[in-house]
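Student: Here is a sequence together with a model predicted from it:
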Amino acid sequence: MFAVILATILSFYYISRYRTLNDKFSLFLGIGFLANASIDLLHVIVSYNLINEPLFLKYFIPQTWFAGRLFLSAMFAMAIAGYPILSRKEDPNTSVLSIASSFRSRKKRQVQHLSPSMSEQDRKEEEEQERRKRESRHNRLQQKILLVSLAILAGIAATSAVSSLFLVFPGLVLDNYPLHRPYEIPPLILFLVALFYFYKNRLDKKNDVFYKGIVASILIDAFAELIMSYSSASFDTAHNVAHILKDAAYFVNIIGLALSSINYNLRLKESNDSLGEINAKLREREELIRMQYERLKESDKMKSEFINVASHELRTPIQPILSLSAILRPKIQDVRQQEILDVIVRNGKRLLHLTDAILDVTKIESQSLTLKKERFDLNDVIINVMDDISLSTGFLNNENIKLSYEPQHIILEADKGRIIQVISNLLGNGIKFTKEGTITVTSEIKDSEVFVSISDTGQGLDPEVLPQLFTKFSTKSPLHGVQMGTGLGLFISKSIIEAHGGRIWAENNNGSDGTEGATFCFTLPIVNKEQQQKRQQLPSR
């Protein structure tokens, strides 16, 4: 009865270990010990009730002992030999990954209808996914086979034990031979097979007392089978020693499981303590980063306020300088003095432009850039900007540049002043980077957007500069030998367009027609299409 209790405890321990660690090896052994406890229970009940039938017990006890020991030894042999299969854990993301991989495979097959060639990398990836699927299916199949085999083995052992009530196995007990119970040899061989696979699968290298308990119990069980084979009668010395060794094997196994559970809990506690320390350090660093972030925000706010005040203070003296210079210019007759005054005016305008740009950047960064939206005709804006630029000094000094625009009436609802600022900046850049040729402005409606492009015939944009072209303070010239300005114009233009819900980008021309250069494009949301159609019917200017 003591063996029944120990086997039941073992089955509980093993199944609990499986539920905790998802270890199918432990589940296999737990089911095995549960079945073995049932056979031992039958052995105990019948033997106790028929204690006064020595002739019956002479064959019943060895026969039920053999059934239980054969099952236990076979279970150990199967479990340890199949350890690589049973201990292989299924990745919890396997199902998700398989769905994703099958989806990608379908997409690739669809693409192959259009493009029959498949990259080597895609082919290797698909082959690897198929290999993993095959391995997973094969592993699940092997696990099912082992569990079914265990169930069949338990059924055979239970049938053998129950049949002992009615049948006597031939040659079960041999009175005239030194080896009285030859039926103990097959379980002994199976225990030795389990021991062989234990070392073959390198379970002795596992840093867990659990495996030490298993190998100790197998050795004790094998020794118990060897001693029981010399038992000539029930309750003789060999019989009693074998039963004690059987209980000892169970007990050693329980000790191994208990110590393993204690070590596991201790390691888990250490891991939790370590994790708690790491979390505490992370919280400290998070607080430090938060404090530094607050300081940086405060510093950035002070910087923005300083720049804002400085820009406003710079504008105050610039305005009278430009105004008085404009008044003095007609009154000065000396050519040299006129040239000096022109330098003052030109640099004053540059400084005014710079302060305006800095103020715009400050508003953008502080998210205080407001748009004063109104309805206007984009055609009028483009023509006015082109008229202004055609009268500028930079354009008048270069007779090799022409401006081209085909009028297109498009109604916009936007900040007119800001849109003028964007178009002026893009046209100014086109003139700056074009030595000769034509700068073409186009405007049209595409889908649900107004599309505006400004294309020049210059040398085009440097591919290395192109990704940073619209960043703040991007002063690296897209062309060699051309000096950039403050590096704020394109950043401000991008911010203005995006504030309107549009997009802005730059690209080099294809050059299929022999032309080079670059094109700057931006889009803006469209207003009511019916109004656009009515407006487009008006005569062009």
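Tutor: Sure, I can see it. Since the model is a prediction, treat every value here as computed from it, not as a measurement.

Student: Show me the strands in the stretch 401-541 of the chain, by range?
Tutor: 401-405, 411-415, 437-446, 449-455, 503-508, 518-525 (DSSP state E, counting those that start in this stretch).

Student: Looking at those strands, which is nearest to residue 196?
Tutor: The closest of those to residue 196 is strand 503-508. By CB to CB, the value is 71.2 Å. From N, CA and C alone the C-beta is placed, and that goes for glycine too.

Student: Could you give the backbone dihedrals for the residue nearest to residue 14 when sequence neighbours are not counted?
Tutor: Once flanking residues are discounted, residue 14 sits nearest to residue 30: 3.1 Å by CB to CB, 6 or more residues apart in numbering. Dihedral pair for residue 30: phi -60, psi -40, per degrees, to the nearest 10.

Student: now the helix or strand hosting residue 241: mean pLDDT?
Tutor: Residue 241 is part of helix 237-328 when elements are defined by DSSP states H and E. Averaged across helix 237-328, the pLDDT comes to 84.

Student: ditto for stretch 188-201
Tutor: 89.

Student: Just the residues contacting stretch 258-265, thanks.
Tutor: 13, 17, 20, 208-210, 213 (CB atoms under 8 Å, 6 or more residues apart in numbering).

Student: hmm, try it at 6 Å
Tutor: 208-210 (CB atoms under 6 Å, 6 or more residues apart in numbering).

Student: now do stretch 279-293
Tutor: Counting by CB under 6 Å, 6+ apart, no residue sits against stretch 279-293.

Student: Residue most distant from the centroid, the chain?
Tutor: residue 333 (74.8 Å; CA atoms, centre = their mean).

Student: So that residue, which state does it fall into?
Tutor: Recorded secondary structure, residue 333: coil (DSSP: H, G, I helix; E, B strand; the rest coil).

Student: For it, what are phi and psi?
Tutor: phi -100, psi -30.

Student: Mind splitting the chain into its structural domains?
Tutor: Using automatic domain parsing, the domain parsing of the chain gives 2-112+122-280, 373-536.

Student: wait, which of those is closest to residue 308?
Tutor: Closest of these to residue 308 is domain 373-536, at 14.7 Å (criterion: CB to CB).

Student: And the closest one, how far out from the chain middle?
Tutor: From the chain centre to the centre of domain 373-536 is a distance of 40 Å (CA atoms, centre = their mean, to the nearest Å).

Student: Please apply the same query to stretch 10-24.
Tutor: The answer for stretch 10-24 is 32 Å, by CA atoms, centre = their mean.

Student: Give me the buried positions along that stretch.
Tutor: Counting neighbours by 16 or more other CB atoms under 10 Å, one finds that the buried residues in stretch 10-24 are 10-15, 17-18, 23-24.

Student: got it, and stretch 123-133?
Tutor: Neighbour-count burial for stretch 123-133 flags 126, 129 (criterion: 16+ other CB under 10 Å).

Student: Extract the CA atoms of that stretch and return them as CSV.
Tutor: The C-alpha trace of stretch 123-133 is given here as CSV (Å, rounded to 0.1, in the frame of the first residue of the first chain):
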residue,chain,number,x,y,z
ARG,A,123,13.2,31.2,-52.1
LYS,A,124,15.5,30.3,-49.2
GLU,A,125,13.1,32.0,-46.8
GLU,A,126,10.1,30.0,-48.1
GLU,A,127,12.1,26.8,-48.0
GLU,A,128,13.1,27.5,-44.4
GLN,A,129,9.5,28.1,-43.5
GLU,A,130,8.4,24.8,-45.1
ARG,A,131,11.2,23.0,-43.3
ARG,A,132,10.0,24.4,-39.9
LYS,A,133,6.4,23.4,-40.7
